[in-house]
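# one predicted model, sequence on top.
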Amino acid sequence: MLGLKVLVGVLTVLLIAGFGVLAGGLMMQAKRGGGDAGFGTAELTLPPGGKVMETAIQGDRVVLRVALPDGEERLHVFDVASGRAIGTIAVKRAP
């Protein structure tokens, strides 16, 4: 019976500490502005005749599927938080 009381006491302390850590993290996030400040303007220059065919958001990434005038397609990957272009994937079709 004593062991059960000790276990309940320890779990209560851990639960209170967990809520304290959670509350502290939320307050720090709120103090920083919540990360919703945005990144301003990110630019992607398309050649004449190029079109954005599709966009997708996956976690902290934005992917734009772009069709080029010569029939090729490219995937442009951007970081959502910074607006920085991470990379480009050239999509080639097998002959």
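Good, I have the coordinates. Numbers count the residues shown, from 1 in each chain.
# how deep is Gly87 tucked in, by neighbour count?
Neighbourhood size, Gly87 [other C-beta atoms under 10 Å]: 8. For glycine as for every other residue, the C-beta is placed from the backbone atoms N, C-alpha and C.
# so what pairs up with it in the strands?
Applying DSSP bridges to Gly87 gives these bridge partners: Val77.
# I'd say it and Val77 touch.
Yes - applying C-beta atoms under 8 Å as the test, Gly87 and Val77 come out as touching, 5.3 Å apart.
# let me see the domain layout of the protein.
1-37, 39-95 (automatic domain parsing).
# and among these, the most buried is which?
Across the domains of the chain, averaging neighbours per residue (mean count of other C-beta atoms under 10 Å) puts domain 39-95 on top, at a mean of 12.
# who touches the spatially closest residue to Ala85 that is not a sequence neighbour in this structure?
In this structure, Ala85 finds its nearest non-sequential neighbour in Phe78, 5.6 Å apart by C-beta to C-beta, 6 or more residues apart in numbering. Applying C-beta atoms under 8 Å, 6 or more residues apart in numbering to Phe78 gives the contacts Ala42, Arg61, Val62, Val63, Leu64, Arg84, Ala85, Ile86.
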